[in-house]
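*Asks:* my questions concern the predicted model and sequence given below.
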Amino acid sequence: MPEPVVEVDHLVKRYGDLVAVNDAAFKVSQGEIFALLGPNGAGKTTVIEILECLRTPSEGTAKVFDQDVTNNAGAREIRSRIGVLPQDFNGLDKLTVRENVDFFGAMFRRRVPTQELLKTLGLEDKAKVRFETLSGGLKQRVGIAAALVNDPELVFLDEPTTGLDPKARRDVWKVIRSLKAMNKTVLLSSHYMEEAQILADRIAIINRGKIVALGTPHELIDDVGASRRIILRRGGAPVAELLRKRFDQVRVEEDGDVVVQLTGVSQVWTALSLLAEAKVEKDVDVVLPTIEDVFLKVIGTRITEEGELA
Amino acid sequence: MSRFMAVTVALIKNWLRSRSGLFFSFLFPIMLLLVFGAIFGGTGSSSYSLYYQNRDRTVDGSETQLATSLIQALNSTKAFSLTQIPADVEPKEYVTDRAGFFGGNIRILIIPENFQQDVLNGTIRVQLGISLGTAVTFYKLFEPTLNVTEKMTILNEIDILNQTYQAFPKRNSTLELILDSSDQSAQVVKGIIVSVVNSFNYGLIGATHVIAFQEGLIETRKFRTIDYYVPGLIAAFIMTNGIIGVTGNSTEFKRRGIIKRLATTPLTKLDWILGNILSQTLLNLLLTAAIIVVGWLVFGVQAIPDVYALLLIFSGSVMFSGIGMVLSGFIKDVEAASAVGNAITFPMMFLSGTYWPIEFMPQILQQISKAMPLTYFSDGLRNAMIYQYLPGVFSNLAIILALAAVFMVLGVFTTRWRER
C-alpha cells in the first residue's frame, strides 16, 4: 500500500451555526486520482481549501505529506509541493499566457520550463495572447499549466471543468489522465458524475458536509447494489409477459420498449438466455449501473448540470 | 527573480497595459498639468481689467495734466488693462453694455471734476500746514533765547503764514472706485490703486520714503506660477494612485481569486504587500518623470526633483500604498473600493494645501489639514522642489516615513492570507 499523501480524520469546519464539513475522513495515496463528488455547497471546496492551507479546520486533523495544515512550517512545506487549480481560475488579465505561467512559476524554487508546459497543454500558439482574450477552456488550461509549474507531487483540481463546453471538458480530462501517467497524485472535486467515474480511482460522495460513500467506482456500485438494466427495443407486451415469469421488475414504456431491472451479472445472463430460448429477435441494450445510479440511491436525487440537487 | 519582484513586475505590466489604469495614473494627471499650465503658464495676460472715466477737464475740454499723470501711473504698474469711458456717459451703464455675452467683473475708477484744482489746493494747504507747524515748533524751541524784537518779527511771520494757510479751502479730492461685490480680485485691485494714489500723494507734497523696501526671493531658481503647481500635482496623484490604485487593484484581485491562488504558493503575505507597494512606487516615479518632462517641454517647468524630492516621492508612495493595503483588508468589492478611495482622497486633495495655501482656509479646516498625510507630503515636495529648504524637507520626510511604517505594519495585519 503506497504512503498516503493526504490524510483527513474527523475533519469538521464550522462557520457559526453552519457546519460546512462534518466529520470527514479519507486518505489519498501516492499516484491516485481521488474525487470529491457532490452538489454545490456540499463542502468539497472547503475540504480542498483546508488541505491547501487556506482555511483552518474547526476540529479534526488534516495532513498533507504528513504535515499538519495548521502548522506554519508545515504549510510552507505543503505549499511548495502542491499545485492548485481553483474553481474559476483567473490569471492577470493584461498578461500573456506565457507571462502568467512565468508569474506563477516565479513563486517556486522548483520550476518546469514554461515552454514545456505550454507544449504539454497545447498552449504554444497562445503563448503571446493576453489572458483576458482566451475562451473559458483555454483559461482553464492556463490554470492547469500554472498548477503544474512547480512539478507538484499533489495537484488539487477544484471543479476543473465547470462551465466548459463538452469539447473543452474532454480536453481537460485528457490532461488530468496525463497527470496520472506522470505519477502525480490528484485530488479533484466535481459535481459531474461522468467526470468522477471516468477519471477517479476512488470517489468520495459528499453531501451537506458529510462523506456518505467512499470507494472505487466499482466498489460503490456493488456496495449500493445499483441495478443493471436490459432494454428490449419495441419488445411490447408479449416479451414483457415472458420476462415477468422470471423477474419482478419488468415494465413496458410508452414507445413499446421493455425495461427489466436486474440486481447482478448472473441475472443479466439468465434474462439473455431466456430471450434466446424464446427466439426473441429484438434489439437489446444492456445498461450497466453508473455512479449516477449510486448517487441517486445514496442521496435520493440527481445533480443538475449546474451542480444543484434536482 | 525574488517573489516580491515577480509580483512587482507583473503588477506594473498589468497596470500599464490597462487603458483605464493608464488613463487615471498618467494621462489624467498630465491633462490636469496642461490645464493648469494653460491657465498659469505665464503666456496669457495677468492684468486686471479696469475702466476709468476722467471728468477732470480744462476749459478747452482737454484732460488735465494731473489726471493724465494718475492714469499713466496706474498704467505703469502693468497691473491693469485700462479702458477709458467717455466723460459724458453714465459709467455703470456704459460698462454693463460692453460686458459682452460672458459678463465679467466691473471695476470703474472715476476721476472727478476739478480733480487737478482740488489736488493742487490740497497740496499747497498741506505744505503750508507743514511749514506753519515747523515754524511754531522752532519758535517754541528757541523762544527763551530770543529778544522781544525777534519774537515779534517771528510771530508776525507765523501769523501771515497762518492767514495764508486758512485762505486755502479745506477740500480734498475724492476718487470714486466702483467694484463688483462678487469680484474676488476686488481687494487686490483696490490695494494696487490705493498704493498708486498714496505714492502720488507723497510725490505731490514732496515727501520722500523714509522706510525703503527691498524685494528678495526665497527660491534659488527662477520659477513661474506653473512651477508651484507641479509639486502639488505630483503629490496629489501619488496619493490617488496609492490609495485608489492599490485598493482597487487588490480588491479586484481578491474578487477574482488571484490572491487566494497566490496564497497557495510559497509567496508570503509580506512579499505580496511589498510587491504592491514597490510596483506603485515605481509607477509613481514614472508618473513624476512624465509630468516633469511634459511640463518642461510644453511650459518650460523648472521645478525638477532632486535627490530629496525623489526620497520624498519614494516614501510618500510607500505611505499611500500602505494606506491602500490597509483599506484592501477591509473592503470586499471593487465598487466599495472606488467609493471609499474617493471619499478619502478627494477631501485630502483639497484640504492639504496641494492647490492653494492652507492659510487661505478657515481655522477649523487648517487644523483638519494637519491630520492629513498629504499636507506633509506636498509641503515636503514644495520645500524640496521649489524652496530647496532642507529643514522643511527633513521634518516632513520624518513624518511621512513614520506614517509609512505605521501603515505598512497595519497592512500586514489587515491583509488576510489564510481564511478563517
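*Replies:* Here it is on my side, so go on.
*Asks:* for the rest of this, base every contact and every neighbour count on C-alpha atoms.
*Replies:* OK.
*Asks:* got the contact list for A:V268?
*Replies:* The contact partners of A:V268, by Cα atoms under 8 Å, 6 or more residues apart in numbering or on different chains, come to A:228, A:230, A:262.
*Asks:* give me phi/psi at the first one?
*Replies:* To tie it back to what came earlier, the one meant is A:R228. Phi and psi for A:R228, reported as degrees, to the nearest 10, are phi -90, psi 160.
*Asks:* and the stretch 1-150 of chain A, which residues reach chain B?
*Replies:* A:52-56, A:76, A:79-80, A:84-86, A:89-95, A:103-104, A:106-108 (Cα under 8 Å from any Cα of the partner chain).
*Asks:* for the longest helix seen in chain A, packing partners?
*Replies:* With secondary structure taken from DSSP state H, chain A has its longest helix at helix A:166-181. Secondary structure elements in contact with helix A:166-181, counted by 3 or more Cα pairs under 8 Å, 6 or more residues apart in numbering or on different chains; DSSP states H and E, are helix A:136-148, strand A:185-190, helix A:193-199.
*Asks:* give me the pLDDT value at the spatially most central residue of chain B.
*Replies:* Nearest to the geometric centre of chain B sits B:W356, at 5.0 Å (Cα atoms, centre = their mean). Note on B:W356: pLDDT of 79.
*Asks:* the one 4 residues further on too?
*Replies:* Listed pLDDT for B:F360 reads 79.
*Asks:* could you pull out the strands for the chain?
*Replies:* Just going to use chain A. Counting by DSSP state E, the segments of chain A that form strands are A:4-15, A:18-29, A:33-37, A:59-64, A:67-68, A:82-85, A:154-158, A:185-190, A:202-207, A:210-215, A:228-232, A:250-252, A:258-262, A:284-287.
*Asks:* actually it's chain B I care about, not the one you picked
*Replies:* Under the criterion DSSP E, chain B carries strands at the ranges B:48-54, B:80-85, B:107-111, B:176-179.
*Asks:* buried ones in the second one, by neighbour count?
*Replies:* With burial defined by 16 or more other Cα atoms under 10 Å in any protein chain shown, the residues of strand B:80-85 counted as buried are B:80, B:82, B:85.
*Asks:* picking that back up, in helices, which of the residues of the stretch 1-150 of chain A next to chain B fall?
*Replies:* Using DSSP H, the subset of the residues of the stretch 1-150 of chain A next to chain B located in helices is A:76, A:79-80, A:103-104.
*Asks:* just flag the most distant two among these.
*Replies:* Maximum pairwise distance among these (Cα to Cα): 18.8 Å, between A:R76 and A:F103.
*Asks:* between these two, tell me which one has more neighbours.
*Replies:* Between A:R76 and A:F103, A:F103 has the larger neighbour count (other Cα atoms under 10 Å in any protein chain shown), namely 21 against 18.
*Asks:* list the residues that contact the more buried one.
*Replies:* Applying Cα under 8 Å, 6+ apart, one finds that A:F103 lies in contact with B:6-7, B:10.
*Asks:* again with A:V47
*Replies:* With contact taken as Cα under 8 Å, 6+ apart, A:V47 is in contact with A:V21.
*Asks:* which single residue of the stretch 1-150 of chain B ends up nearest chain A?
*Replies:* In the stretch 1-150 of chain B, the residue that lies nearest chain A is B:N14 (5.0 Å; Cα to the nearest Cα).
*Asks:* quick check: closest non-adjacent residue to that residue.
*Replies:* Closest residue in space to B:N14, ignoring its immediate chain neighbours: A:K94 at 5.0 Å, by Cα to Cα, 6 or more residues apart in numbering or on different chains.
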